[in-house]
Structure formats: C-alpha cells, structure tokens
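Student: Need a 3D model of the following:
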Amino acid sequence: MRENRLRRIWEAGGTVLNGWLQLNSPYAAEIMAHQGWDSLTIDMQHGPVDYRDTLAMLPAISTTETVPLARVPWNEPGIVMQMLDAGCYGIICPMVNSREEAQAFVGACRYPPLGYRSYGPNRARLYAGPDYPERANETVVTMAMIETAAALENLDGILSVPGLDAIYVGPADLSQSLGLIPPAGLAHPTILDALRRILEAADRHGIVPGIHTGSVEEAQAMQELGFRFCTILSDAGLLGRVAAQVVAGFKEGAEGVESSGGPY
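Tutor: The predicted structure is shown next:
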C-alpha cells in the first residue's frame, strides 16, 4: 500500500507543510501539487468545491507524491466516508466541540472493529493499492478542528479519543468564538493563550497539532511555538496576493513579481 508520508514526517519529528485548495479546478490543484507541498487539503467547507470537483482534483494531485487530504463540510459520516473512498489519505473535520463528536468523526474514518466506516474503497484502491482495506486504519489520518470556546473547554476529552491523530486550529472561528473580530491574528494575547493551551493538551495526549496561517513568517512562528502541521494561505489567497503585487508593481513602475518560468 502507498505510504502516508505525513506519518513518516511526524515520526521523524518534522513539520508538514500543507497547501489549501479552495478553487474547484483540477488544473489549479495539479499546479499546486507540483510546487513541493507535503500535503494538499481540498476545502469542501468554504468555497465552491463539491464532491464531483474532488473526483477530478484528486487524480491531479496524484501526479505527484503530495498527500491528498480533504476538509469535509461538516461532521457527517456520509461525506467523510465518500472522501476516503475517493482516495483522501486524511480528513480534517470542522467544529469538533466534544468527546462524543470526536468519537463520531474518528469512527467514520475507521473500518470495524475500530470504527463503523462502511466498506467500498472505490478509487482509494486505485490510489493506495489492492491491500487498502487491510491497512487503511493504520494509514488514514484523522484531524479534528479545534476552533471554539467549547472545544477549548473539552480539550482533554476530545484529544483522548482513541484513533484521533491530530488537531487543526481554525484561527478565524476561534477568534469569533472568543469574542474577537476575526481574524484577530495569531499574535493576539487571547489567541496566543488559547494556542498554548491547545499545544499543552496535544503534548499530553500525543496528538499532532496543526494550524492555518496567513504567511510564511506566521507559519514559521507557529512551527517554533510547537505546531507540526502548518497551512499557508490557499490557492485562491496566493493567486490574489501575487496578482495584487504584480498589478501594484506595474502601476508603481516597479518590476513586480518575477516569473517562475512556468505556464501560469
């Protein structure tokens, strides 16, 4: 079976650099996959991407060694199982606020006796190999999003669920839940205090901590703080940011952003 490189990186003590796909475009997904990200997450919660889109985007990612992940729209077992059957090697689940919700999420990702995932690994067997059913439970990564005040209060319950591999902080929703106007920024004292609480709990339970960031510098700061799965912006965000720099550079008479030499 094809290995899940995320597990190898974490076992070696490294940090996963994750890209984020909001554009419902196989071509954009393929371009992103060829840039060297360790993993790419297809975002089905916010943006235009639906299940049909993912079926075209996943083979585009598979032209590289980049690990395909998905953030599902909600903690609903049907879409979790569909995305795993389609070949995702990990699922990020939003708004996990209690131990019971974490158990429901993890159970949907694991075949019996470890969970209640229904059998039907259609594209997953093409991507992973014929022995996928026997080894999926030890390969697929489960990541619960910690992004509310309720989740902060229930950290130990959530992180002690057997089979949960990692957590993923959503800074915008966390800011909103803590009474701040999102995004408050990861350096805000209230957010920073929450992040330290999350990291301490993750360390206690042997769970990998992950987070969404808005720049290379922010991601590096979060890595130094202790996060081992860092996302930087998204394909849509990167497109908009670089396009704005090019336009501003031209209008100001500067050279703007140098081309990478690629067809885009």
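Student: so Pro183 sits right up against Gly214, yeah?
Tutor: Yes. Using C-beta atoms under 8 Å, Pro183 is in contact with Gly214, at 7.5 Å. For glycine as for every other residue, the C-beta is placed from the backbone atoms N, C-alpha and C.
Student: Kindly confirm my reading that Thr41 is in a strand.
Tutor: Yes. Checked against DSSP: H, G, I helix; E, B strand; the rest coil, Thr41 lies within a strand.
Student: For Trp20, see how far away it is.
Tutor: According to C-beta to C-beta, to the nearest Å, Thr41 and Trp20 sit 5 Å apart.
Student: Comparing the two, which residue is more hemmed in?
Tutor: Neighbour totals were compared for Thr41 and Trp20, and Thr41 leads with 27 against 23 (other C-beta atoms under 10 Å).
Student: show me what contacts the most centrally placed residue in the chain?
Tutor: The centroid of the chain falls nearest to Thr41 when counting by C-alpha atoms, centre = their mean (4.9 Å). Neighbouring residues of Thr41 by C-beta atoms under 8 Å, 6 or more residues apart in numbering: Asn18, Gly19, Trp20, Leu21, Leu69, Ala70, Arg71, Ile92, Thr231.
Student: Narrow these to those in strands?
Tutor: Asn18, Gly19, Trp20, Leu21, Leu69, Ala70, Arg71, Ile92, Thr231 (DSSP state E).
Student: and of these, the nearest to Ala150?
Tutor: Nearest to Ala150 among the ones in strands among the contacts of Thr41: Ile92, at 18.2 Å, using C-beta to C-beta.
Student: Columns pLDDT and distance to Ala60 on top of the ones in strands among the contacts of Thr41, output as JSON lines?
Tutor: Shown next, in JSON lines, are these (pLDDT from 0 to 100; distance: C-beta to C-beta, whole Å):
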{"residue": "Asn18", "pLDDT": "98", "distance to Ala60": "17"}
{"residue": "Gly19", "pLDDT": "98", "distance to Ala60": "13"}
{"residue": "Trp20", "pLDDT": "98", "distance to Ala60": "15"}
{"residue": "Leu21", "pLDDT": "98", "distance to Ala60": "10"}
{"residue": "Leu69", "pLDDT": "99", "distance to Ala60": "14"}
{"residue": "Ala70", "pLDDT": "98", "distance to Ala60": "14"}
{"residue": "Arg71", "pLDDT": "98", "distance to Ala60": "17"}
{"residue": "Ile92", "pLDDT": "99", "distance to Ala60": "19"}
{"residue": "Thr231", "pLDDT": "98", "distance to Ala60": "19"}
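Student: Give me the common contacts of Thr41 and Trp20.
Tutor: Common neighbours of Thr41 and Trp20 (C-beta under 8 Å, 6+ apart) are Thr231.
Student: can you give me the strands in the stretch 51-200 of the chain?
Tutor: 67-71, 90-93, 141-146, 166-169 (DSSP state E, counting those that start in this stretch).
Student: wait, which of those strands is closest to Met57?
Tutor: Comparing these under C-beta to C-beta, the one sitting nearest is strand 67-71, at 8.3 Å.
Student: List the neighbouring strands of that closest one plus their orientation.
Tutor: Strand 67-71 sits in its sheet next to strand 39-43 (parallel), strand 90-93 (parallel), going by DSSP bridges.
Student: Minimum distance to Pro112: which of the ones you listed has it?
Tutor: Here strand 90-93 is closest among the strands paired with strand 67-71 (C-beta to C-beta), at 17.8 Å.
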